[in-house]
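Q: no sequence for this one, just the structure:
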């Protein structure tokens, strides 16, 4: 059975690129356009990993992760931040919210697949 990834990003083209990369490696993918849509998807679907942007309208990635970590069934779900942000302060805020890892855009598809495989093992 394939693993399922939730991709949360306000950029449709970024969601498409990440989704294509993961689907080509055999992952099932669901998507959300902002943090609230991501949380809504989590209520409807079981996921194995979440990949989220940081800066989004409605609810940003840090707020989403904080709320996700408050849900008992997602307390230990791996969450990767995929963002253009790369300062130590932002990374520290991500860790404090509960992010498992951090990938800077633009991303290397092979690197993304390696990181996803690592957090799922």
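A: Structure received. Just so we're clear, the structure is a prediction, and the values are computed from it rather than from any experiment.
Q: in this protein, which ranges drop under the pLDDT threshold?
A: For the chain, the stretches with pLDDT under 70 are 1.
Q: Near residue 55, how many other residues are there?
A: By the criterion of other CB atoms under 10 Å, residue 55 has 13 neighbours. Just so you know, the C-beta spots here come from the backbone N, C-alpha and C atoms, and that holds for glycine as well.
Q: Next, it: secondary structure please.
A: coil (DSSP: H, G, I helix; E, B strand; the rest coil).
Q: Residue 56: how many residues sit nearby?
A: Here the count is done by other CB under 10 Å, and residue 56 has 23 residues near it.
Q: Can you report phi and psi for it?
A: Residue 56 has phi and psi values of phi -140, psi 150 when expressed as degrees, to the nearest 10.
Q: For it, give me its contacts.
A: By CB atoms under 8 Å, 6 or more residues apart in numbering, the contact set of residue 56 is 8, 9, 10, 33, 34, 35.
Q: Same check on residue 72?
A: No contacts exist for residue 72 under CB under 8 Å, 6+ apart.
Q: ok, it to residue 6 distance?
A: 17 Å (CB to CB, to the nearest Å).
Q: so the residue nearest the centre of the chain, which of the three states?
A: Taking CA atoms, centre = their mean, the centroid of the chain lies closest to residue 51, which sits 1.3 Å from it. Here residue 51 is strand, with the state taken from three-state DSSP.
Q: Take the contacts of residue 56 and keep only those in helices.
A: The members of the contacts of residue 56 that map onto helices under DSSP state H are residue 35.
Q: Great, nothing more from me.
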